[in-house]
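Colleague: A predicted structure for the sequence below; I have some questions about it.
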Amino acid sequence: MENSILTVPAARTIPVQAYTKTEYTEIVVPEGVEIIEPKAFQYCSSLRRLHLPRSLRYIELKAFEGCPLEEIFFAGTPSEWEQVEISPVKNNTVLTARKRFALPGEAAVRASRTDRSPQIYAQARALLESGGDGRLHVFVPELMIPGSYFKYGDLMLLIFPHGSTMVIDAGRDDCHLRTESFLDAAGVSNLDYLVFSHTCPDHVAGGPLLIKHIWKRGGEVRHLWWTGQKHGDEIPMMVEMLRERGAETDGAVRAGRSFEIDGTKADILGPNEEELKGDANIGKIRNGQSMLLRITVGKGIFLTCGDLFEQHEKRAVERCGSELRADLMKTNHHGGYTSNENAWLDAVQPRAAFSCSNDNGCIRLIEELRRRGVDYASTGCQGLLHFALSAEGEIEKTTQYDEMINIMRVN
């Protein structure tokens with residue numbers, strides 16, 4: 001289709017997959033549009049030129065995946081363009097295309113940001129040296145490699161009230177240097193628990209390298225937990241590695257089981273046996289079989305549930321009900337548009353939430369959390385995160401950066 005132009009109807013939002021695989025060479029997004037949702041123009045393989053309005057605020061993940069963009073016309077100034085939140089996940093041509101601006105002005109000079117990572121790492125090291133401070137601490141690193149456009153997945157370090165350590169998920173193997181740097185800076189030389197929510201590569205592929213790094217530091221990984229989900233080779237590899245070193249491996253960490261760690265209670269709310277019968281080689285089923293882990297310290301509760309999709313959230317709400325209530329919540333599926341629907345938020349009732357994400361997560365989710373008064377952070381926008389949850393249910397949050405504009409993107 002030669003020199004074909006599509007002018008999108010005016011609306012606040014261009015929905016998910018609204019124009020995927022169309023063959024237009026030029027697309028005009030009119031004034032008034034603020035949000036281009038995930039995959040909105042995915043695989044428009046002829047798209048070379050794009051007109052974007054001054055009103056634009058967000059371009060979400062994979063919105064222009066597979067689009068060979070060469071030129072973008074923006075109806076504002078260079079500094080206004082700098083304030084558009086662009087997910088780096090599969091939007092590389094948006095970031096690299098030649099930009100033209102309708103209004104004059106200098107490119108924005110980003111003000112120097114206060115980097116709190118030294119203080120956050122110092123606190124982690126102090127906790128490990130002193131044997132904890134009676135609170136549950138959750139440290140969440142930003143794993144993305146600048147200039148890369150892939151999703152790097154989940155990794156969390158938990159330090160329990162008396163200093164026991166747990167890593168939940170290990171990201172992709174590509175980002176192992178960032179994982180190793182994070183563990184070293186936090187002072188982690190031994191790991192009491194290595195836990196995998198499910199077997200997607202962005203959660204397990206970095207595991208073998210993480211274990212080897214702990215060994216290289218002279219430490220040990222003492223326990224490995226997973227649900228028994230049958231997919232991929234990484235977990236069987238880690239089981240074999242760890243058993244040779246005398247570690248305990250438990251592949252039946254499922255609904256109904258509970259563990260005590262440093263006076264906290266770790267309850268497994270899912271998956272149950274019936275849910276694990278589905279074929280884990282199918283991505284949505286694999287995500288839906290994620291471990292639902294609730295950790296209670298006194299009156300404070302932390303909930304993390306891997307990559308549940310909306311339909312799996314509904315199933316969990318029906319089965320678990322009020323058991324899902326938590327003060328601090330890791331959002332499901334990286335805060336993405338597939339998950340964290342209102343029924344889930346109604347059940348969990350979080351006071352604070354965070355996403356392991358290359359960007360800010362889903363704009364609809366952020367707006368809903370703001371409406372509910374939930375304090376929110378994302379690794380892709382605020383870098384390294386630290387939450388401390390007390391036995392009284394108080395939550396203390398520290399982030400590497402303050403701003404909610406994606407710090408990793410490059411133009």
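Modeller: Sure, I can see it. In this text, all values refer to a predicted model and were calculated from it rather than measured experimentally. Residues are numbered from 1 along each chain as shown.

Colleague: Buried residues, stretch 167-180. List them.
Modeller: 167-176, 178-180 (16 or more other Cβ atoms under 10 Å). For the C-beta atoms, the positions are set from N, CA and C on the backbone; glycine is no exception.

Colleague: Then stretch 8-17?
Modeller: 8, 13-14, 16-17.

Colleague: Could you single out the nearest of the residues you listed to Gly321?
Modeller: Val16 (29.2 Å; Cβ to Cβ).

Colleague: In space, what's closest to that closest one - neighbours in sequence excluded?
Modeller: Glu37 (4.7 Å; Cβ to Cβ, 6 or more residues apart in numbering).

Colleague: measure the one you found to Met329 for me?
Modeller: Counting by Cβ to Cβ, to the nearest Å, the gap from Glu37 to Met329 is 23 Å.

Colleague: for Ser258, same thing?
Modeller: Distance from Ser258 to Met329, by Cβ to Cβ: 19 Å.

Colleague: Between those two, which is the more surrounded one?
Modeller: Met329 (27 against 10; other Cβ atoms under 10 Å).

Colleague: Can you list the strands that the strand or helix carrying that one pairs with?
Modeller: When elements are assigned from DSSP states H and E, Met329 belongs to strand 328-330. If you go by DSSP bridges, strand 328-330 pairs up with strand 300-304 (parallel), strand 352-355 (parallel).

Colleague: List the buried residues in the next helix or strand along the chain from that strand.
Modeller: For strand 328-330, the following helix or strand on the C-terminal side (DSSP H and E) is helix 342-348. Neighbour-count burial for helix 342-348, counted by 16+ other Cβ under 10 Å, picks out 344-345, 347-348.

Colleague: Give the closest residue to the residue nearest the centre of the chain in space, chain neighbours not counted.
Modeller: Residue closest to the average C-alpha location in the chain (Cα atoms, centre = their mean): Cys356, at 2.1 Å. Once flanking residues are discounted, Cys356 sits nearest to Asp154: 4.2 Å by Cβ to Cβ, 6+ apart.

Colleague: So the one you found belongs to a helix, correct?
Modeller: No - with DSSP: H, G, I helix; E, B strand; the rest coil as the criterion, Asp154 is assigned coil and is not in a helix.

Colleague: Do you know the pLDDT at the residue nearest to Thr379 when sequence neighbours are not counted?
Modeller: Once flanking residues are discounted, Thr379 sits nearest to Glu142: 4.2 Å by Cβ to Cβ, 6+ apart. With respect to pLDDT, Glu142 scores 93.

Colleague: I'd like the distance from Glu142 to Glu129, if you could.
Modeller: 24 Å.

Colleague: between the two, which one's more packed in?
Modeller: Neighbours per residue (other Cβ under 10 Å) separate Glu142 from Glu129, with Glu142 holding more: 25 against 9.

Colleague: I'd assumed Val188 was in a strand, is it?
Modeller: No - counting by three-state DSSP, Val188 falls outside a strand, being coil.

Colleague: could you list every residue that touches it?
Modeller: By Cβ atoms under 8 Å, 6 or more residues apart in numbering, the contact set of Val188 is 124, 128, 157, 165, 167, 214, 219.

Colleague: same question, Phe259
Modeller: So Phe259 contacts 265-266 (Cβ under 8 Å, 6+ apart).

Colleague: Can you list the strands that the helix or strand harbouring it pairs with?
Modeller: Using DSSP H and E, the element containing Phe259 is strand 258-261. Strand pairing for strand 258-261, determined by DSSP bridges: strand 264-270 (antiparallel).

Colleague: what distance separates the partner strand from the middle of the whole chain?
Modeller: Relative to its chain's centre, strand 264-270 lies at 21 Å (Cα atoms, centre = their mean, to the nearest Å).

Colleague: Buried ones in the helix or strand following it, by neighbour count?
Modeller: Later in the chain than strand 264-270, the nearest helix or strand by DSSP H and E is helix 283-288. For helix 283-288, a neighbour-count test (16+ other Cβ under 10 Å) marks 285-288 as buried.

Colleague: And for stretch 189-196?
Modeller: So stretch 189-196, judged by 16+ other Cβ under 10 Å, has buried residues 191-196.

Colleague: What of stretch 119-135?
Modeller: For stretch 119-135, by 16+ other Cβ under 10 Å, it's 120-121, 123-124, 127-128, 132, 135.

Colleague: With stretch 316-324 instead?
Modeller: So, applying 16+ other Cβ under 10 Å, buried residues of stretch 316-324: 316-317, 319-320, 323-324.

Colleague: So which of those residues are in helices?
Modeller: 316-317, 319-320 (DSSP state H).

Colleague: so where's this protein uncertain?
Modeller: 1-2, 107-111, 147-149, 403-411 (pLDDT under 70).

Colleague: helices or strands up against the lengthiest helix in it?
Modeller: Counting residues, the longest helix found in the chain (DSSP H) is helix 117-130. If you count contacts as 3 or more Cβ pairs under 8 Å, 6 or more residues apart in numbering; DSSP states H and E, helix 117-130 packs onto strand 136-140, strand 156-159, helix 176-186, strand 385-389, strand 395-399.
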